[in-house]
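Enquirer: pasting the sequence and the predicted model now:
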Amino acid sequence: MLSNRKRFVNELEDLNNKVLDMGSEVIESFNNLIKVCETGDLEIAKEIIENDKMINEIEVSINVDGYLIIARQCPVASDLRRIITALKISNDLERIADYAVNIAKYFLKTKHDNSIVVESIIFLGKHLIKMLEGIMEAFDKEDIELALLINEQDEVLDDVYKEEVKKLINIGKTSTDEESEEAIRGLLVIKQIERAGDHVTNVAENIIYLVNGKRVELN
């Protein structure tokens, strides 16, 4: 029979693993967005939307487990930080997944040529995927240095985003009505990726809090 402490440790490990599983699913959603861009396969876009239900379910499970652990175990400060961090990171991951869904819906509703927007999505999306992979590794290893490094990558993402915005605005001003319309819609789409990067920064902040108990503002 497991001791109370051992059972508690196992519950914390399960909570941690659920956050990692959720991160993997979110990364897969963005990998699938790149596939949609490269193949034009709208069935993959539908899969992204459908898979979001599972991501939401994982977040709910993390929240339920976290609050139950607090209620049953009355954890000390360091353990409580771990639970709070799991809850906060799962919330950010859920928001990031929503951005992938929004972009998938854009593809399903697009009727005209959107190749100019697709190029921007691929460019920004691949950068975001690397950030997501890095930040989940930082969470798993409780690596503050890696978390800070990934946070710096958000500044790169912001710079690239601004350049893509300039490009789409220029197209909107100088092209046909149809191309201008797609460029304007594209601005709303790539904003989703920029916002996702902001949530990766939130995750980095929570990793720092997990490791040393300090709240920092990285944005």
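Expert: That came in fine, so what should we check first?

Enquirer: average pLDDT for stretch 42-57?
Expert: For stretch 42-57, mean pLDDT is 98.

Enquirer: how about residues contacting stretch 139-157?
Expert: 16, 19-20, 23, 89, 124, 127-128, 130-131, 134-135, 137-138, 193-194, 197-198, 200-201, 203-204, 207-208, 210-212, 218 (C-beta atoms under 8 Å, 6 or more residues apart in numbering). In this view, the C-beta of every residue, glycine as well, is placed from N, C-alpha and C.

Enquirer: kindly report the same for stretch 58-78.
Expert: For stretch 58-78, contacts defined as C-beta under 8 Å, 6+ apart pick out 4, 8, 11-12, 14-15, 18-19, 21-22, 25, 79-80, 82-84, 86-87, 90-91, 93-94, 213.

Enquirer: the protein: helices as residue ranges?
Expert: 4-39, 42-73, 77-109, 115-141, 144-174, 177-212 (DSSP state H).

Enquirer: any idea how far the shortest one is from the chain center?
Expert: Looking back up the chat, that one is helix 115-141. 9 Å (C-alpha atoms, centre = their mean, to the nearest Å).

Enquirer: and that helix with helix 77-109, angle?
Expert: Counting by axes from the mean of the first three to the mean of the last three C-alpha atoms, to 10 degrees, helix 115-141 points 160 degrees away from the direction of helix 77-109.

Enquirer: how about low-confidence regions in the protein?
Expert: In the predicted model, the chain carries pLDDT under 70 at residues 1-2.

Enquirer: any idea how far the residue sitting nearest the centre point of it is from residue 140?
Expert: The centre of the chain sits closest to residue 96, judged by C-alpha atoms, centre = their mean, with a distance of 3.4 Å. Distance of residue 96 to residue 140, computed by C-beta to C-beta, to the nearest Å: 17 Å.
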